[in-house]
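In: sharing a model that was predicted from the sequence below.
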Amino acid sequence: MVEGPFFDLTGNVFGRVISGADPHCSIDIPSPCSVIIFGASGDLTRRKIIPSLYRLLAIGLLPDPFFVIGAARTPTSDADFRASMKKAVQEALPKDFSESSWETFSEMLYFVQIDYDGSESYVGLRDKIQDLEAKHATGGNRIYYLATPPAVYEPVIENLGLAGLSQEEGAYRHIVVEKPIGSDLESARHLNQTLAASFGERQIYRMDHYLAKETVQNILMFRFANSLFEPVWNKMYIDHVEITASETLGVEHRAGYYEQAGVIRDMFQNHIFQLLALTAMEPPVLFDAERVRDEKVKVLRAIRPFDLEDLGSQVVTGQYDSGSVSGSDVPAYRDEPGVSPGSTTPTYAAMKVHIDNWRWSGVPFYLRSGKRLAARKAEIAIHFRPVPHLMFSQAMADGIAPNVLILRVQPDEGIGLHFQAKNPGSRVCLNTVLMNFSYQNAFVLDGYERVLLDCMQADQMLFVRADGVEQAWAVLTPVIERLTALARPGDLPNYPAGSSGPAGADDLLKRDGRQWRAL
Ligand code: BG6
């Protein structure tokens, strides 16, 4: 039984989770397999992939038998690779690290030097995989994980195909591809075609780590496992929707990638559009990867194309200046290491999006995301319409705010509903109160652990299909191209680090008589 405060009304706890832990919620240990990581000396392998696999072992969810091959350009011995991964796990999971679990895990780690472009390398890799499959008796199930810079995705995929490594011979061969999936519609199509030449769509796992966040998955449960909300989830009752993903971090050490990407490629094409699709989609017939992904793509297809001649009325971008975040002084984007002093790369964007279908006609979706903002926060706020008729006196009616439902993705994961209630006492006056459900950090798995398990279990629900990626690019590529053509170095930076973004973003909503929720 999960115990804990369920609802609290301005601070008073008065509810609890009322049903016990469901036996169907237990997680199955996947069948034996191996994971072959390309880009094994990189940051992603160190920070996310290896620590997640280690933690799966520590909590008893790693398949048994199992092994990992790290593949990278620089020759390294198995012993050195193990030592370097040990350090990585100790850094990433200081509380979860134990020498005995590490001992077991490290015996499953191997290294293979590879020339990503050279087909002979893959013959060597194939022999090594087959030897280890015989040694560990994993039965041939494999996951190829692309953790390299995107520039080498295509040679790796092609060479896997040429070496026969993508063929499923009585065992699965899955491939995980990290974002970015292309940098515009054309490059995304090209990458998808390269993938399709060697792998079936059923074998391809395009990763969007936002989809693995517990609260993002919960959007579907919340909408479709309750009868209360879906009847009002439409233009009749909803005034507008706000989707926010704000960060306090700056570009950190990623200028090489970010200078080319900017916030629209980095956050909107994937994470924000996925949140939008989950919020706006129709109920799928079945809770199944294909049906859910069909409905998400339909939302992306229904997004009204942006008016490129009047982009300013729908899209505002910005770049951070120096400022102060959480009490510390931080530099301007242009002063970050690796950033060009005249860079026009946007680190912030706000957009007004229309979805042209029966459910959402006339309901604007306001989206915003940026770096170096006042708070780290990802949420979806559903703003309901005001009541149709106010029976209260003007004095009271002035304070009546419409209902807002907030799906909090992070931090403080949970759901809040703002509604009106009478103030206790003899005077009749109203107050906005909060009904709050909080997950209270009760997560067992983090995003990478979740998606690795799903990939081992052949569940594609949390991964993006080719048509979904391409449709998001189809909407945003013309916008990015137009913004790039219009960008003038003198207009930037236009918001101080630690603020809530550029003033233009506030104007975007003010023009519609609305305002953003505070960060
Ligand atoms: C990544 C972006 O996909 O998501 C980063 O490339 C961003 O720029 C990150 O910081 C945000 O993810 P999270 O899980 O920290 O909110």
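Out: Arrived safely, thanks for sending. Everything quoted here is computed from the prediction, not taken from an experiment. Numbering: from 1, shown residues only.
In: rest of the way, CA atoms for contacts and neighbours
Out: Fine.
In: may I have the secondary structure class of residue 360?
Out: coil (DSSP: H, G, I helix; E, B strand; the rest coil).
In: how about stretch 43-57: buried residues?
Out: 44-57 (16 or more other Cα atoms under 10 Å).
In: stretch 186-195 now?
Out: For stretch 186-195, burial by neighbour count (16+ other Cα under 10 Å) applies to 188-189, 191-192, 194-195.
In: nearest to residue 500, of those?
Out: residue 188 (32.1 Å; Cα to Cα).
In: does that closest one lie in a helix or a strand, and which?
Out: If you go by DSSP states H and E, residue 188 is part of helix 185-198.
In: distance from the chain centre to that helix, please.
Out: 21 Å (Cα atoms, centre = their mean, to the nearest Å).
In: ranges for the helices of the stretch 201-350 of the chain?
Out: Ranges of helices within the stretch 201-350 of the chain are 214-224, 255-263, 273-280, 289-302, based on DSSP state H, counting those that start in this stretch.
In: I'd like the mean pLDDT over the second one, please.
Out: For helix 255-263, the mean per-residue pLDDT is 95.
In: same thing with the shortest one?
Out: Mean pLDDT, taken over the full extent of helix 273-280, equals 98.
In: could you dump it to PDB, C-alpha only?
Out: Extracted in PDB, the C-alpha atoms of helix 273-280 (Å, rounded to 0.1, in the frame of the first residue of the first chain):
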ATOM      1  CA  PHE A 273       5.900  18.900 -29.200                       C
ATOM      2  CA  GLN A 274       5.600  15.500 -27.500                       C
ATOM      3  CA  LEU A 275       4.000  17.100 -24.500                       C
ATOM      4  CA  LEU A 276       1.700  19.000 -26.800                       C
ATOM      5  CA  ALA A 277       0.700  15.800 -28.600                       C
ATOM      6  CA  LEU A 278       0.000  13.900 -25.400                       C
ATOM      7  CA  THR A 279      -2.100  16.800 -24.100                       C
ATOM      8  CA  ALA A 280      -4.100  17.300 -27.300                       C
END
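In: tilt between that helix and helix 289-302?
Out: For helix 273-280 against helix 289-302, the angle by axes from the mean of the first three to the mean of the last three Cα atoms, to 10 degrees is 100 degrees.
In: now do the second one
Out: Taking the same axes, to 10 degrees, one finds helix 255-263 and helix 289-302 inclined to each other by 70 degrees.
In: which outside residues touch helix 255-263?
Out: 183, 251, 266, 336-339, 343, 345-349, 369-370 (Cα atoms under 8 Å, 6 or more residues apart in numbering).
In: let me know the secondary structure of the residue lying farthest from the centre of the chain.
Out: Most distant residue from the mean C-alpha position of the chain: residue 426, 48.6 Å away (Cα atoms, centre = their mean). Look at residue 426: counting by three-state DSSP, its state is coil.
In: quick one, phi psi at it?
Out: Main-chain torsions, residue 426, degrees, to the nearest 10: phi -80, psi -30.
In: so, low pLDDT: which residues of the protein?
Out: 1-26, 394-399, 441-444 (pLDDT under 70).
In: look up the closest residue to the residue nearest to the spatial centre of it, ignoring the ones flanking it.
Out: Nearest to the centroid of the C-alpha atoms of the chain, with distances taken as Cα atoms, centre = their mean, sits residue 210, at 1.8 Å. Counting by Cα to Cα, 6 or more residues apart in numbering, residue 210 lies nearest to residue 271, which is 5.8 Å off, once chain neighbours are set aside.
In: just the strands in the stretch 51-200 of the chain please.
Out: 66-72, 109-113, 142-146, 173-177 (DSSP state E, counting those that start in this stretch).
In: and these as a markdown table, adding mean neighbour count and distance to residue 236?
Out: Converted to a markdown table, these look like this (neighbours: other Cα atoms under 10 Å; distance: least, Cα to Cα, whole Å):
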| stretch | mean neighbour count | distance to residue 236 |
| --- | --- | --- |
| strand 66-72 | 23 | 53 |
| strand 109-113 | 21 | 56 |
| strand 142-146 | 24 | 45 |
| strand 173-177 | 23 | 40 |
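In: can I get the ones you listed in a markdown table with distance to residue 217?
Out: Conversion of the strands of the stretch 51-200 of the chain to a markdown table gives the following (distance: least, Cα to Cα, whole Å):
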| stretch | distance to residue 217 |
| --- | --- |
| strand 66-72 | 28 |
| strand 109-113 | 32 |
| strand 142-146 | 23 |
| strand 173-177 | 19 |
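In: of these, which is nearest residue 205?
Out: That would be, of the strands of the stretch 51-200 of the chain and by Cα to Cα, strand 173-177, which comes in at 4.6 Å.
In: show me the contact partners of that closest one.
Out: 141-147, 165-167, 203-207, 455.
In: list the buried ones in stretch 489-502?
Out: Those would be 492-502, for stretch 489-502 by 16+ other Cα under 10 Å.
In: next: stretch 143-157.
Out: Buried, per 16+ other Cα under 10 Å, within stretch 143-157: 143-148, 150, 153-157.
In: among the strands of the stretch 51-200 of the chain, which comes closest to residue 432?
Out: Of all the strands of the stretch 51-200 of the chain, strand 173-177 sits nearest to residue 432, with 45.1 Å by Cα to Cα.
In: what are the contacting residues of the lengthiest helix in the chain?
Out: In the chain, assigned by DSSP state H, the helix with the most residues is helix 466-486. Helix 466-486 is contacted from outside by 181, 184-185, 188-189, 192, 201, 264, 269-270, 273, 293, 296-297, 300-301, 303, 305-306, 308, 311, using Cα under 8 Å, 6+ apart.
In: which parts of it are buried?
Out: 466-480, 483.
In: where exactly do the strands run in the stretch 401-519 of the chain?
Out: Going by DSSP E, counting those that start in this stretch, the stretch 401-519 of the chain shows strands at 404-410, 414-422, 430-438, 463-464, 495-497.
In: tell me which of those strands sits most buried.
Out: strand 495-497 (a mean of 24; mean count of other Cα atoms under 10 Å).
In: what is it packed up against?
Out: Helices and strands touching strand 495-497, by 3 or more Cα pairs under 8 Å, 6 or more residues apart in numbering; DSSP states H and E, are strand 320-325.
In: in the strand it packs on, what counts as buried?
Out: 320-325.
In: tell me the strands beside it, with direction?
Out: Here strand 320-325 is paired, per DSSP bridges, with strand 328-330 (antiparallel), strand 495-497 (parallel).
In: which phi and psi does residue 338 have?
Out: Dihedral angles (degrees, to the nearest 10) for residue 338: phi 90, psi 0.
In: ok, back up a step: out of the strands paired with strand 320-325, which gets nearest to residue 68?
Out: strand 328-330 (39.5 Å).
In: C-alpha coordinates for stretch 172-179, PDB please?
Out: The C-alpha coordinates for stretch 172-179 follow below in PDB (Å, rounded to 0.1, in the frame of the first residue of the first chain):
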ATOM      1  CA  TYR A 172      15.800  -9.500 -31.600                       C
ATOM      2  CA  ARG A 173      18.200  -6.800 -32.900                       C
ATOM      3  CA  HIS A 174      17.000  -3.400 -31.700                       C
ATOM      4  CA  ILE A 175      18.700   0.000 -32.300                       C
ATOM      5  CA  VAL A 176      18.400   3.000 -30.000                       C
ATOM      6  CA  VAL A 177      18.900   6.400 -31.600                       C
ATOM      7  CA  GLU A 178      19.300   9.400 -29.500                       C
ATOM      8  CA  LYS A 179      18.200  12.800 -30.500                       C
END
